[in-house]
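[1] Below are the sequence and a predicted model; questions follow.
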Amino acid sequence: MNWKLPFDIPLVTPTMGIPMEFYDALGVIVFVVHISFIYVLIGASTASVIYNIFGAITGNKTYDKLAYKMTNPTTISENMGALWGVAPLLVISVLYTGFFYTAIIKVSPHILHIVYGNIFAFLLSYAYKFSWHALENSKGFHIAIGVVAVLTFYTLPPVFMSMSNLYLQPETFSYVQSIWDIMLTPLTGFRLLNFFLTAFAFSGVFMIWYGMRLQKEGDVEVGELAVNQGKKWFLFATPVNVAILPLILFVFSPRIAEGLMGTIFIVLPFVASIVLFALYLYLLKRWNQDSFSPKEVLSAVTLMLVSVLLMATARHGIRVVSFEEPLALQAKATESYMNASLEEYKRYKENLKNAPQKDLNDPAVLADEKGCMGCHAIDEVLVGPSFKSVAAKYAKKEEFVSSILQGSEGKWGEVPMPIQDVTQEQANKLGDWILSHK
Amino acid sequence: MFDYPIFEMPVIGQRMLMAINAIIHIYVSHGGAVGGSVVLALLAIWAHKRGDLAAYKMTFKILMVFFIISTSVGALTGIGMWIHANILSPNAIGGLIRVFFWKWFTEWIVFNFEVVLLLMWFMTWKKNEATVESRAKSNRLGVYYAIASWLTMVIITAILAFMLTPNFDGQPWVDPEVFPGKVDYNNALFNPTWGPSLAFRTFSAIAFAASLAIMWTWIIGTFSSNQEDKDAKPRIIKFLATIMVVTVPLSVIFGYWYLSIIPESALSMIPTAMMTREFEDKFSTMYMIVIGIGVVVLLSTLIAYFAPKRMPYIAASAMVIAFLVFWGYEERVREFIRKPYIIYNYMYSNGIRPTDVPYLNKVGVLKHATFIEDANKILAPDGSNQINVGHSIYLIECRICHTDNGINGLKSLTKGWSQQAIEARLNNLPGGGTPYMPPFVGTQEEKKALAAYIHSLNVQGELK
């Protein structure tokens, strides 16, 4: 296979002697925290807008209250989600520098949507939250703000997932030219479908937990609605997800999918799917129940998190399998480049040391050393005028020397004489010499 | 550098793309998060100690503005710095992360505290407003938030200072002639400008934040329908002005200390950095700008301090604008005077290391340009693709600072130049009055190709 890879950064990786398993585990755990917040962000912001619309149509105040309550998890999860997104990227970018950075550049400038689109979505979601009471009588406008905020949040995963699919498959570097080449692939579509379904299911479980918390705090009516709705979010989103989870690893490039066969990682999505299905049955059985015991909540949350953790570990498996070959190729290429480069540099330094001392008191040597002869000759026009014609033009040395020191423009045609890096004394010496060519 | 794919930003160029993000970030991180956390925590404590409930309530309104802007614009442009750096200069940011991984990781942990404490402080404020005890509890959250905020600045300042002054004499952070480079993490961290730049940033950020808070107090106090807010306005402005009276002189003192440690070759570029090449030895104009900013800050501070009630909006906004200009300049200057390096003495702005130069001069900079197609990097025997090859070199060596025909465009910079003149100019780099430009790197053929490409920008097209 033909690979196109950048060199590795020629500085030691700061693993501090800690075994790589630590970094693998760190990468997986911080990712799980990050993606959990992102799931809640997507789900809670969507739910808030939907219940706001329900409330406005039906006039049922409980929906409106639930919608308002859902803005709190939105605020927390958008902040924490962005923050915890940094940690996995930090780990990846120090261990797999070349792949990660190449992918980011390949999807530029669209990747900047992660910054500017996110700021836009954040500000709209704050506007939606903090104008809740002020816009109570202009529900249409208020809902419109929320809808635009949510839709903007929805535009972020496609961008980010394109980058992620690119860096996970370094073989794509040789042919992917823009973000669309990777976004409009079955892999990205498939993973996005899984992402959104998981986000809604996860948020459903979150709403069950949140609803029970509200009930405990005395907000019984809103809490019951949250639990009731949370179950539905999970139950509607999960069946398709259960079906597609085990397939995801097979949509990666054949090199990776085949590499995963025979490793434990290929099994994990099946297990994750079974766990989700178990949770599905568990909640289905409690279809008529709008209040859960703490133990039931704990079971639901645990099953959901286990499923997410299994998928995150499978995702790590992709890195293990996919990066083995390119990392080795990269290390080899980097070593041979750096050795050749440093050898040449040492030779250059050696030559510099052994070079005969130049007599800079000789104006001809000085002129050569300072690059004058790159543009000028004694008696022919190169880029600039010949020294003979210069000597003929200037009667006073001072005027001429100032052209050397400060540069000049417009005296000999369009090309300017740049400022020269010489001392006043050197300029005088050059001036005397050049003007002597009469 | 040559081994990564290249993203070209037309018209505004790479530098401006980064600068937009960087300037927004520094405004919000300094004025909103680091300085803002200190100022708002002090304001809340002051109002609470005086039993001034009106001022305390108004502090929340100011906090709300700071909260919204810091957590959205501030935090995301912070991540944006990384992404932009990645697009522009993967080798530089990749190197920095190899050197500073654990510091960045620590900063991320501190950042967690910062965000969580801010969320807690802000989201529980209303609940905690009720009693004296709960207000004191809330204020403690504010103090912890301010400490966490400041700690994030401590770490990131070390990294910025490292790029300008990587190490003390005789205490190298790495030996660039050894592969793989073994980094001395302590020499990298404890670099000469870390302390002074941190002190300078700390106090000027607090002063900046106080000026922003004065402006918001003015706006809220003036337009509020609530008489209590109107009455609280002058008291708060006076207190904030007191903060400025203390922090502005401290910023000046530490700013001077910072300047005194910057290497001379970098210092001499400040006028060019602030304006353009036209002003390169006009230190007097530079001083006028600095003095102008200082006078505006000083006058508006004095007005705020002595006449908080009658302070006009123009004074409040002039104060903020002066700080915006100041921070904009500070960033531009700091980024500029590092040139021609991106990591001083280790890597040029275009990502090429000085140690790579002799080798690349021998084999050509395009030899290892993995992501450039052969047709654009291997000169055809008849020279028919010379301009395309030149364009590839432009992408690698020039586009980090130049565009074709936009900001700092090569087209207008070389208007009327012959190809020979351009080539002679390339021979002379970084001489010729442009000490901030790295040398040309590559073979003679590549230099000719680049000159041909630059020359072609000013050649009219053909109708076929």
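    Happy to help now that I have it.

[2] shaky segments in the stretch 51-200 of chain B?
    B:168 (pLDDT under 70).

[3] where along it do the strands fall?
    Remark: no strands are assigned in the stretch 51-200 of chain B by DSSP state E, counting those that start in this stretch.

[4] Point to the residue nearest the middle of chain A.
    With distances taken as CA atoms, centre = their mean, A:I104 lies nearest the centre of chain A, 6.1 Å away.

[5] okay, now the domains of the chain?
    Since you didn't name a chain, this refers to chain A. Following the assignment in automatic domain parsing, chain A carries domains at A:20-339, A:363-435.

[6] Switch to chain B, please.
    Domain assignment for chain B by automatic domain parsing gives B:13-348, B:364-456.

[7] Near chain B, which residues of the stretch 201-350 of chain A are found?
    Within reach of chain B by CB under 8 Å from any CB of the partner chain, the stretch 201-350 of chain A has these residues: A:335, A:337-348. All C-beta spots, glycine's among them, are computed from the backbone N, C-alpha and C.

[8] Weed out the non-buried ones from those residues.
    Neighbour counting with 16 or more other CB atoms under 10 Å in any protein chain shown marks A:Y337, A:M338, A:S341, A:L342, A:E344, A:Y345, A:Y348 as buried within those.

[9] To chain A, which of the domains of chain B lies closest?
    Across the domains of chain B, chain A has its closest neighbour in domain B:364-456 (2.7 Å, CB to the nearest CB).

[10] hang on, the earlier thing: quick check, nearest of the residues of the stretch 201-350 of chain A next to chain B to B:K415?
    Checking those against B:K415 by CB to CB gives A:Y348 as the nearest, at 35.7 Å.

[11] Excluding covalently adjacent residues, which one is nearest to that closest one?
    In space, and not counting its chain neighbours, A:Y348 is closest to B:P358: 3.7 Å by CB to CB, 6 or more residues apart in numbering or on different chains.

[12] which SSE is that neighbour in?
    helix B:357-363 (DSSP states H and E).

[13] and that helix, average pLDDT?
    Helix B:357-363 carries an average pLDDT of 93.

[14] CA atoms of it as PDB?
    The C-alpha trace of helix B:357-363 is given here as PDB (Å, rounded to 0.1, in the frame of the first residue of the first chain):
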ATOM      1  CA  VAL B 357      18.800  23.900   6.100                       C
ATOM      2  CA  PRO B 358      22.100  22.500   4.800                       C
ATOM      3  CA  TYR B 359      20.500  19.200   4.000                       C
ATOM      4  CA  LEU B 360      17.400  20.800   2.300                       C
ATOM      5  CA  ASN B 361      19.700  23.100   0.300                       C
ATOM      6  CA  LYS B 362      21.400  20.100  -1.000                       C
ATOM      7  CA  VAL B 363      18.400  17.800  -1.800                       C
END
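
[15] The helix or strand just after it - contacts with which helices or strands?
    Using DSSP H and E, the helix or strand that follows helix B:357-363 towards the C-terminus is helix B:386-393. Helix B:386-393 is packed against helix B:444-456, with contacts defined by 3 or more CB pairs under 8 Å, 6 or more residues apart in numbering or on different chains; DSSP states H and E.

[16] now the helix it packs on: mean pLDDT?
    93.

[17] That one: which residues count as buried?
    Neighbour-count burial for helix B:444-456 flags B:E446, B:K447, B:K448, B:A449, B:L450, B:A451, B:A452, B:Y453, B:I454, B:H455 (criterion: 16+ other CB under 10 Å).

[18] B:G416 is in contact with the last one, correct?
    So the one you mean is B:H455. No - using CB atoms under 8 Å, B:H455 is not in contact with B:G416; the gap is 10.7 Å.

[19] just for the stretch 201-350 of chain B, where's the confidence low?
    The model of the stretch 201-350 of chain B has pLDDT under 70 over residues B:275-282.

[20] If we use 90, what do you get?
    For the stretch 201-350 of chain B, the stretches flagged by pLDDT under 90 are B:221-231, B:249, B:252, B:255-256, B:258-345.

[21] Three-state assignment for the nearest residue to B:E177 once chain neighbours are set aside, please.
    What sits nearest to B:E177 in space, not counting adjacent residues and going by CB to CB, 6+ apart, is A:L342, at 5.8 Å. Of the three states, A:L342 takes helix under DSSP: H, G, I helix; E, B strand; the rest coil.

[22] Surely A:L342 and B:P354 touch.
    No - using CB under 8 Å, A:L342 is not in contact with B:P354; the gap is 11.7 Å.

[23] pretty sure A:N2 is in a strand, no?
    No - A:N2: not assigned to a strand; according to three-state DSSP it is coil.

[24] ok, now how distant is A:A364 from A:S402?
    Separation of A:A364 from A:S402 (CB to CB, to the nearest Å): 22 Å.

[25] For residue 110, which non-adjacent residue is closest in space?
    I went with chain A, as the question did not name one. In space, A:H110 is closest to A:I179, 4.4 Å off (CB to CB, 6+ apart).

[26] nope, chain B
    Once flanking residues are discounted, B:V110 sits nearest to B:L151: 4.6 Å by CB to CB, 6+ apart.

[27] where's that neighbour relative to B:S72, distance?
    Separation of B:L151 from B:S72 (CB to CB): 21 Å.

[28] Going by how many neighbours each has, rank the two and give me the top one.
    Per other CB atoms under 10 Å in any protein chain shown, whichever of B:L151 and B:S72 has more neighbours is B:S72, with 23 against 18.

[29] ok, the more buried one touching A:F122?
    Yes - using CB under 8 Å, B:S72 is in contact with A:F122, at 3.5 Å.

[30] any shared contact partners between the two?
    With CB atoms under 8 Å, 6 or more residues apart in numbering or on different chains applied, the contact sets of B:S72 and A:F122 do not overlap.

[31] Could I get the full set of helices for the stretch 151-300 of chain B?
    Assigned by DSSP state H, counting those that start in this stretch, the stretch 151-300 of chain B shows helices spanning B:185-189, B:194-223, B:227-261, B:264-267, B:270-274, B:283-306.

[32] nope, the stretch 151-300 of chain A is what I meant
    According to DSSP H, counting those that start in this stretch, the stretch 151-300 of chain A carries its helices in the segments A:179-183, A:186-216, A:220-244, A:254-260, A:268-285, A:294-354.

[33] buried residues in the fourth one?
    Within helix A:254-260, the residues that qualify as buried by neighbour count (16+ other CB under 10 Å) are A:I256, A:A257, A:G259, A:L260.

[34] For chain B, see how far away the first one is.
    In other words, A:I256. 21 Å (CB to the nearest CB, to the nearest Å).

[35] what does the second one give?
    To chain B, A:A257 is 26 Å away according to CB to the nearest CB.

[36] In terms of pLDDT, where does the nearest residue to that residue once chain neighbours are set aside sit?
    Using CB to CB, 6+ apart and skipping the chain neighbours, the partner closest in space to A:A257 is A:F250 (5.0 Å). Looking at A:F250, its pLDDT reads 93.

[37] How many residues are close by A:F250?
    That count, for A:F250 with other CB under 10 Å as the rule, works out to 16.

[38] Ok, B:M288 next?
    Other residues close to B:M288 by other CB under 10 Å number 11.

[39] sorry, back to before: quick one: contacts for the residue nearest to the centre of chain A?
    By CB under 8 Å, 6+ apart, the contact set of A:I104 is A:I111, A:M163, A:Y167, B:I83, B:N86, B:I87, B:P90.
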